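Colleague: Build me a model:
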Amino acid sequence: MQLTSFTDYGLRALIYMASLPAGQMTSITEVTEAYGVSRNHMVKIINQLS
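Modeller: Prediction:
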């Protein structure tokens, strides 16, 4: 099964956020730095998830 990069990065962002301690917040910048994704691309993905 192949995923689009959009789906792949969306899942990675969700996994990253789920791995944080309860109540801890993160920023899109932190997620993009963790995975080496363009900030603009991640903003589009997160907006789609919200």
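Colleague: need the strands for this structure, in chain order.
Modeller: Using DSSP state E, no strands are found in the chain.
Colleague: the helices in it, which residues?
Modeller: Applying DSSP state H to the chain gives helices spanning 5-18, 28-35, 39-49.
Colleague: The residue nearest the centre of the chain: what's its closest spatial neighbour, skipping adjacent residues?
Modeller: Centrality entry for the chain: nearest residue to the mean C-alpha point is residue 13, 2.3 Å, by Cα atoms, centre = their mean. Distances taken as Cβ to Cβ, 6 or more residues apart in numbering put residue 31 closest to residue 13, at 5.1 Å, once the chain neighbours are dropped. From N, CA and C alone the C-beta is placed, and that goes for glycine too.
Colleague: Tell me the spacing between that neighbour and residue 18.
Modeller: 12 Å (Cβ to Cβ, to the nearest Å).
Colleague: Compare these two (neighbour count), which wins?
Modeller: Per other Cβ atoms under 10 Å, whichever of residue 31 and residue 18 has more neighbours is residue 31, with 20 against 7.
Colleague: my guess is that one meets residue 16, correct?
Modeller: Yes - judged on Cβ atoms under 8 Å, residue 31 makes contact with residue 16 at a distance of 5.4 Å.
Colleague: joint contacts of those two?
Modeller: Common contacts of residue 31 and residue 16 (Cβ atoms under 8 Å, 6 or more residues apart in numbering): none found.
Colleague: Buried residues in stretch 9-23, which are they?
Modeller: Applying a neighbour-count criterion of 16 or more other Cβ atoms under 10 Å, one finds 9, 10, 12, 13 buried in stretch 9-23.
Colleague: In CSV, could you pull the C-alpha coordinates for it?
Modeller: Extracted in CSV, the C-alpha atoms of stretch 9-23 (Å, rounded to 0.1, in the frame of the first residue of the first chain):
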residue,chain,number,x,y,z
TYR,A,9,3.3,13.7,6.6
GLY,A,10,-0.1,14.0,8.1
LEU,A,11,0.3,10.7,9.9
ARG,A,12,3.8,11.6,11.0
ALA,A,13,2.5,14.8,12.5
LEU,A,14,-0.3,13.0,14.4
ILE,A,15,2.2,10.4,15.7
TYR,A,16,4.6,13.2,16.8
MET,A,17,1.8,15.0,18.7
ALA,A,18,0.5,11.7,20.2
SER,A,19,4.0,10.9,21.5
LEU,A,20,4.2,14.1,23.6
PRO,A,21,3.4,14.0,27.3
ALA,A,22,-0.3,14.7,28.1
GLY,A,23,-1.0,18.4,28.0
